[in-house]
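Novice: with the input below, show me the fold.
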Amino acid sequence: MTGPTPEPADPAPNDPARTDPARDAAAASPPEAPSETAPPVAAAAEGGGPRHPRAFVGVLAFCGVVVAVMQTLVVPLLPHVPALTGSTPSEASWLITVTLLTGAVCTPVLGRVGDMYGKRRVLLASLGLLVAGSVLCAVSSHIGVLIAGRALQGAAMAVMPLGISIMRDELPPARMLSAVAMMSSTMGIGAAVGLPIAALVIENADWHTMFWVSAAIGVLDVVLVLCFVPESPLRTRGRFDVLGTAGLTAALLALLLAVTQGGAWGWTSGRTLGLLAAAAVVAALWARYELRVPSPMVDLRVSARPAVLLANLAALLIGFAYYANSLVTAQMVQEPTSTGYGLGASIVVSGLCLLPGGVMMVLLSPVSARISAAYGPKVTLAIASSCIAAGYVVRYFTSHHLWTIILGATVVAAGTAIAYSALPALVMRAVPVAETGAANGLNTLMRSIGAAFCSAVVAAVLANITFRVGGRTAPTLDAYLLVFLIAGAAALLALLVTLCLPGRRASGPDNVRGERAAAVPERTPSALAEEST
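Specialist: Numbers count the residues shown, from 1 in each chain. Got it, this is the predicted structure:
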């Protein structure tokens, strides 16, 4: 009987690695040579996750709430801005528009930068922008300075996808889904909490106070992140796609400017149509370039996979459906009683109408995670879309009493909490670990685009279906009911899109065992060797 075939001679027979089984195992699967599309590599030895997991999750969730509050902070103040700053109403509206624009651009871009250069580092930079923007708004009453400060605050929207990506890298599978669900829901929680808080400040203190408070909370966020959030050891190889970033920025700015200003400029005006045409042309050229560059800003081949594409489309529709609830609730209850449907409520009361929805979002985030763990995020998103549609049915038929308005708004918020918790899980199942930040940034961007389209549609409906009452023009009840129908239809369309998603067994590039693989960072051969010894 012949013996086994001898192995090739070792070029270094006296090397201690020759007798080390762990190193032999690592050598059997050597790391690939660096390339533009290679998987992520560890920047440091694996640390075994955060030392204080509860504090780690709580700090990141708190960061998300603070950033979300910043987005709605000036909504109650907006009608008073022209008188306070000597500006026009159109100039004052830029305090909302500019945060939408900078948030839309910075969310996917900074997500990609975090994947490449360190998520915690970019998270801290985003919080620094929030603090800087808050200080600018606190020290000035000039509309130009206020717009610049709000632009910096909008850039902090990247905190959301960055926090989700850090959780994916650091937490074990058992904790990851519930933590991501909480982080994702902070967008709605912050919006619900921000409105009544801002209204209370405006009615009882100088309006600059709320910006000083937001700056102080931003500094607290930075300190907490430094204390409890470790830097992710994962990095994406490749060069930063400067031209792709510029193309994405130009396309988004053109699209969102047309959508947000189309009502004021006229939807058939040369500026609006020109911007829409420019957005289409730039987007086409950008997509062609991104498909050819070795290390793209957005991997369109991954984004075109059904699991990712449909999840992003669902995010757009959910963002549209939810934002309608936030836009019309406060305005509807503030309408005077002479309209026949308005309640004549104060700014504070109108803001408090959304607070139960924010509480519901906090309570339902862990429930959403359990549903996703048991049945898959596709089922969770389907339940959420159905819940949002049911909430608008309630709103359509019960819009004459405060408690029924609050009930309908809370049902919509409950569905949104479940949806926002499920969307990151869907995305992470379908993308490589190397692209978590950019992919979640793109998904968050789609929510923002949905909100922008919703704002334009709601403004058009309420401005065109009106009647004269008490010497002023006000939207009719039918205008509000039409908004509820449109938002409910968007939720039902999101349900149809969700049903077309691949099933839970459909594997993404790093989904070996469902959500577990989505949460486990890739380990280097040296780390594997250390574990085996």
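Novice: give me the element Ala474 is part of.
Specialist: If you go by DSSP states H and E, Ala474 is part of strand 472-475.
Novice: any idea how far stretch 185-202 is from the chain center?
Specialist: Between the centre of stretch 185-202 and the centre of its host chain there is 16 Å, according to Cα atoms, centre = their mean, to the nearest Å.
Novice: export that stretch as PDB, just CAs?
Specialist: What follows is stretch 185-202, C-alpha atoms only, in PDB (Å, rounded to 0.1, in the frame of the first residue of the first chain):
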ATOM      1  CA  SER A 185     -37.300  54.100  14.900                       C
ATOM      2  CA  THR A 186     -35.600  57.200  16.500                       C
ATOM      3  CA  MET A 187     -36.400  59.100  13.300                       C
ATOM      4  CA  GLY A 188     -40.100  59.000  14.100                       C
ATOM      5  CA  ILE A 189     -39.600  59.200  17.900                       C
ATOM      6  CA  GLY A 190     -37.500  62.400  17.600                       C
ATOM      7  CA  ALA A 191     -40.000  64.000  15.300                       C
ATOM      8  CA  ALA A 192     -42.900  63.300  17.700                       C
ATOM      9  CA  VAL A 193     -41.000  64.600  20.700                       C
ATOM     10  CA  GLY A 194     -39.500  67.600  19.000                       C
ATOM     11  CA  LEU A 195     -42.700  69.400  18.000                       C
ATOM     12  CA  PRO A 196     -44.200  69.800  21.500                       C
ATOM     13  CA  ILE A 197     -40.900  70.600  23.100                       C
ATOM     14  CA  ALA A 198     -40.200  73.300  20.500                       C
ATOM     15  CA  ALA A 199     -43.700  74.700  20.900                       C
ATOM     16  CA  LEU A 200     -43.300  74.900  24.700                       C
ATOM     17  CA  VAL A 201     -40.000  76.700  24.400                       C
ATOM     18  CA  ILE A 202     -41.400  79.200  21.800                       C
END
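Novice: what residues sit buried inside that stretch?
Specialist: Taking 16 or more other Cβ atoms under 10 Å as the neighbour-count basis, stretch 185-202 is seen to contain the buried residues 185-202. In short, each C-beta sits where N, CA and C put it, glycine included.
Novice: just to revisit the earlier point, what residues does the strand holding Ala474 touch?
Specialist: Glu335, Pro336, Thr339, Gly342, Val461, Leu462, Ala463, Ile465, Thr466, Phe467 (Cβ atoms under 8 Å, 6 or more residues apart in numbering).
Novice: now the next helix or strand after it: average pLDDT?
Specialist: Helices and strands here follow DSSP H and E; after strand 472-475, the next one along the chain is helix 477-499. Averaged over helix 477-499, pLDDT sits at 94.
Novice: would you mark the buried spots in helix 477-499?
Specialist: 477, 479-484, 486-488, 490-495, 497-498.
Novice: which element is the residue sitting nearest the centre point of the chain on?
Specialist: Among the residues of the chain, Thr444 comes closest to the average C-alpha position under Cα atoms, centre = their mean, at 3.2 Å. Secondary structure assignment for Thr444, by DSSP H and E: helix 436-464.
Novice: tell me the angle that helix makes with helix 477-499.
Specialist: Taking axes from the mean of the first three to the mean of the last three Cα atoms, to 10 degrees, one finds helix 436-464 and helix 477-499 inclined to each other by 150 degrees.
Novice: centre of the chain to helix 436-464, how far?
Specialist: The offset between the C-alpha centroid of helix 436-464 and the centroid of the whole chain comes to 11 Å, using Cα atoms, centre = their mean.
Novice: for it, which positions count as buried?
Specialist: Across helix 436-464, burial judged by 16+ other Cβ under 10 Å covers 436-458, 461-462.
Novice: again, but for stretch 203-217
Specialist: Judged by neighbour count (16+ other Cβ under 10 Å), stretch 203-217 contains these buried residues: Trp207, Met210, Phe211, Val213, Ser214, Ala215, Ile217.
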